[in-house]
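Undergrad: I'll drop the sequence and a predicted model, then ask my questions.
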Amino acid sequence: MYTYLIRRILTSVLVILGVSVLVFSIIHLVPGDAATAILGRQKVTAARVAELRAQLGLDDPIPVQYARYLGNALRGDLGQSIRNYVPVSKAIGEQLPSTMALAAAALLVALVAGFILGIAAALNQGSWLDSAIMSISVSGMSIPTFWLGLLLIMLFSVRLAWFPSISSDNSFAALVLPALTLGLPEAAVVARMVRAGMLDVLGREYVTVARAKGLREHKVVLDHAMRNALIPIVTFVGLQTAYLLGGSAIVETLFARQGIGRLAVQSISNRDYPMVQGVVLVVAVIYVLINTFTDILYTVLNPKIRLK
């Protein structure tokens, strides 16, 4: 087990290092100049641009800039925004709780709706209910996130006036529509996976034996079928959790909600290199940690799997 954990940690470190190299390289290959972006459209001389580049260290070779950034990151210093001159770690720390709350709410929507629909479809295989649920899930998977968000705004904000269209605070009402927008497409995927897993498990001999013993159907489904049907879903849920964190940019922008996704979009537009690198690095670390936790949880749910 310890060998497995050490191997996973080393792999995670290499992945994070690779992500930092890739993002750093791509950002610096994009046409444009950070100094010019900071100075804006005002009339500036070439000398002023050169002076600002020297202050920001942009005249140094790319490997030197990356080595300086990586060394500071290892000490917990992700640099300073070249747009508003605030520490990157502070800016991310202020925005991350909002994104975490959105991702958690969206995951709750996806799991609750997905499991209910998936189990209902599996227990009524071949019926009109099964066909309806599967049709809805296909539609949910096909709808673009931004379009779904606009539909929800038109219905619940414009027509019914139940929830605000702009998520400018951390209230529950302001969280509902963004969470539904981000979570419902994932609920459709979860529903299909739960249905497939339940159908596979419900046909097993131990489920038949449990029913033959006279156990109530809900005991058979929850205690015997559900536990084993969860095993292939755990990995998917872990990956989707990380996706919800990284895929929140569209939803946060659509609903004008604060978060690291919106922060990343604004930073890319402003060519704020340190901020973009910091956001991507933090998301990558979270992604790797979630995947490691998912691998460990997978072995807990399935005793037949042993860490080697």
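TA: Sure, I can see it. Numbers count the residues shown, from 1 in each chain.

Undergrad: ok, and residue 152, which helix or strand is that part of?
TA: helix 145-152 (DSSP states H and E).

Undergrad: Name the surrounding residues that touch that helix.
TA: Around helix 145-152, the neighbours that count as contacts under Cβ atoms under 8 Å, 6 or more residues apart in numbering are 177, 178, 180, 181, 182, 184, 185, 247, 250, 251, 254, 255. Heads up, the C-betas are built off the backbone N, CA and C, glycines and all.

Undergrad: is it true that residue 256 lies in a strand?
TA: No. Counting by DSSP: H, G, I helix; E, B strand; the rest coil, residue 256 is not part of a strand but coil.

Undergrad: how much space is there between it and residue 174?
TA: Look at residue 256 and residue 174: by Cβ to Cβ, to the nearest Å, they are 10 Å apart.

Undergrad: Could you check which of those two is surrounded by more residues?
TA: Taking neighbours as other Cβ atoms under 10 Å, residue 256 and residue 174 compare with residue 174 leading, 18 against 13.

Undergrad: my guess is that one meets residue 165, correct?
TA: No. Contact status for residue 174 versus residue 165: not in contact, 9.6 Å apart, counting by Cβ atoms under 8 Å.

Undergrad: So for the helix holding residue 152, what gets flagged as buried?
TA: Across helix 145-152, burial judged by 16 or more other Cβ atoms under 10 Å covers 145, 148, 149, 152.

Undergrad: what do you get for stretch 243-262?
TA: The neighbour-count check on stretch 243-262 (16+ other Cβ under 10 Å) flags 243-255, 257-262 as buried.

Undergrad: can you list the weak-confidence ranges in the stretch 51-200 of the chain?
TA: 52-53, 55-60, 167-169 (pLDDT under 70).

Undergrad: Please, where are all the strands along it?
TA: Counting by DSSP state E, counting those that start in this stretch, the stretch 51-200 of the chain has no strands to list.

Undergrad: for it, what spans make up the helices?
TA: Counting by DSSP state H, counting those that start in this stretch, one finds helices in the stretch 51-200 of the chain at the ranges 62-74, 88-123, 128-142, 145-152, 172-202.

Undergrad: Same check on the stretch 201-308 of the chain?
TA: Going by DSSP H, counting those that start in this stretch, the stretch 201-308 of the chain shows helices at 205-212, 217-219, 226-229, 231-246, 249-254, 260-269, 273-301.

Undergrad: would you turn those helices into CSV with mean pLDDT and distance to residue 115?
TA: Output for the helices of the stretch 201-308 of the chain, formatted as CSV (pLDDT from 0 to 100; distance: least, Cβ to Cβ, whole Å):
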stretch, mean pLDDT, distance to residue 115
helix 205-212, 67, 18
helix 217-219, 66, 14
helix 226-229, 66, 9
helix 231-246, 72, 9
helix 249-254, 82, 22
helix 260-269, 82, 26
helix 273-301, 77, 15
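
Undergrad: For residue 47, find the nearest of those.
TA: Residue 47 sits nearest to helix 273-301 of all the helices of the stretch 201-308 of the chain, at 22.2 Å, using Cβ to Cβ.

Undergrad: how much space between the closest residue to residue 122 other than its chain neighbours and residue 185?
TA: Spatial nearest neighbour of residue 122, chain neighbours left out: residue 198 (3.6 Å); criterion: Cβ to Cβ, 6 or more residues apart in numbering. Taking Cβ to Cβ as the measure, residue 198 falls 21 Å from residue 185.
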